[in-house]
Structures are given as structure tokens and as C-alpha cells.
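Colleague: Here is the input, now give the coordinates:
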Amino acid sequence: MPGMGESRAARLALRGFGWVFFGISVATYLLGVVDLLISEADEACSQQLVYDGAAFREMRTSLLPLENTCVFEDGTTYDALPSWINPVFFAGMAGAVVCAGTAIWRTRSAGCRS
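Modeller: Have a look, this model is predicted:
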């Protein structure tokens, strides 16, 4: 059965890539959480160090999606987290899910052929 080894190798590669995507996603999320925890953005915003316009109104913070945003009276916002954190996290999770789903599908398809 020449196709059997190729199918197994493809499934193993998919599993490996899935774990890589998952690892990148988790590492990115943890980096964002650490940034959120050690950030002093609320203090910088309240002292108007990041924006000289209107007065500071509130701080929006969220864990999913990660957010640490200063909101000012005139509607201006300042995002204290790097802009790439959420896209990399969600893309990594999507990649992991696609790899896992494809590996499961290939495993079931190989089982039906034998």
C-alpha cells in the first residue's frame, strides 16, 4: 500500500504544524497578558502623558480579545497593547484548529479506505 505511508506522514506533519500554531498562539496570548499586567497605561493616560487633548475618561480592559485601551472625553482612544497581539493569537488558534480538523478527517478517511 504505497499511499498508506504518505497519508501517515501527512497526518503527522499536520499534527506537528497544529502544535506549532497552538504554541505560537499561547505564547502570544501570554505575552499580551504580561504586557497588560505590567502596563501602567492607566496612569500614563490619567496624567495625559499619551494624549494632550481631552481629559481621561476610562480604561477598557478585556482578556478575550486582549484589550487595554484608554478612552478620553472626546472619544479618542489609546491602545496600550501592541496591535499585532490579537491577530497573531486568533490566526494561530485558527491554524491549530484547521490542522487538527484536517488530521482527524484524513485519519477517518484512511480508516474508511482500508
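Colleague: how far does stretch 40-49 stretch from start to finish?
Modeller: End-to-end span of stretch 40-49 (C-alpha to C-alpha, to the nearest Å): 11 Å.
Colleague: next one: that stretch to chain centre, how far?
Modeller: How far stretch 40-49 lies from its chain's middle: 26 Å, per C-alpha atoms, centre = their mean, to the nearest Å.
Colleague: Give me the contacts around that stretch.
Modeller: Stretch 40-49 is contacted from outside by 50, 51, 55, 56, 59, 68, 70, 72, 78, 80, using C-beta atoms under 8 Å, 6 or more residues apart in numbering. For every residue, glycine as well, the C-beta is placed using N, CA and C.
Colleague: which intervals of this protein have sub-threshold pLDDT?
Modeller: 1-6, 110-114 (pLDDT under 70).
Colleague: how about the strands of it, start to end?
Modeller: For the chain, strands defined by DSSP state E occupy the ranges 56-63, 66-72, 77-79.
Colleague: So residue 24 sits against residue 90, correct?
Modeller: No: here residue 24 does not reach residue 90: they are 11.4 Å apart, not a contact under C-beta atoms under 8 Å.
Colleague: show me what contacts residue 80?
Modeller: Listed by C-beta under 8 Å, 6+ apart, the contact partners of residue 80 are 35, 36, 39, 41, 44, 68, 69, 70.
Colleague: nearest to residue 28, of those residues?
Modeller: Relative to residue 28, the closest of the contacts of residue 80 is residue 35; by C-beta to C-beta it sits at 10.6 Å.
Colleague: For that closest one, which non-adjacent residue is spatially closest?
Modeller: What sits nearest to residue 35 in space, not counting adjacent residues and going by C-beta to C-beta, 6 or more residues apart in numbering, is residue 81, at 5.9 Å.
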